[in-house]
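[1] Have a look; sequence and predicted model below, questions after that.
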Amino acid sequence: MSHPVLKKFETTVFYILISVIVIYITIEVIELIYQFGKSLFSPDKNSSRLLITKEQTAQVLPVFFNILIAIELIDTFNVYIKEHSIKVQSILLIGLIAIGRKLLVLDIGHSEGIQNIGLAALIIALALGYYLLKRPEVNK
């Protein structure tokens, strides 16, 4: 068993981290609404798109993915504090979301080939790991 002082410290750190993430999510939601509203109400006359240009989309989507990552982190923290274990599935999901975010902001045409191969290998590894954990045989 763990020492009561360490348990109290762990719980305190948990609540501090959760508070910081909640503040972060709040700020990111405000930023998302602002960026999305700005793109709707200040259309680019030179764009062939109706409402939001590709550049504006490139500003909005990463913020959306940041929010998803932060929400998954809260869920992971909650599971850890209750069960004292970290679910590998949650970590893989956070990794997949983070890579998805990275792909949205990455200019593949201007990145090095080895970087693209590394990202592809990382995506395959995370997706394969997630698939192996989610198989019906594993969950029984």
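    Yep, that arrived. What you see is a predicted model; the values in this text were computed from it and never measured.
[2] Could I get the buried residue list for the one helix or strand Gly37 maps to?
    Gly37 is located in helix 4-41, with elements delineated by DSSP states H and E. By neighbour count on 16 or more other CB atoms under 10 Å, the buried set for helix 4-41 is Ile21, Ile25, Glu28, Leu32, Gln35, Phe36, Ser39. Just so you know, the C-beta spots here come from the backbone N, C-alpha and C atoms, and that holds for glycine as well.
[3] possible to save those residues as TSV with distance to Ile71 and pLDDT?
    Output for the buried residues of helix 4-41, formatted as TSV (distance: CB to CB, whole Å; pLDDT from 0 to 100):
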residue	distance to Ile71	pLDDT
Ile21	8	94
Ile25	7	95
Glu28	10	92
Leu32	13	88
Gln35	18	82
Phe36	18	81
Ser39	23	76
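[4] May I see those arranged in JSON lines, with distance to Val60 as well?
    Below are those laid out as JSON lines (distance: CB to CB, whole Å):
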{"residue": "Ile21", "distance to Val60": "21"}
{"residue": "Ile25", "distance to Val60": "16"}
{"residue": "Glu28", "distance to Val60": "11"}
{"residue": "Leu32", "distance to Val60": "7"}
{"residue": "Gln35", "distance to Val60": "5"}
{"residue": "Phe36", "distance to Val60": "5"}
{"residue": "Ser39", "distance to Val60": "7"}
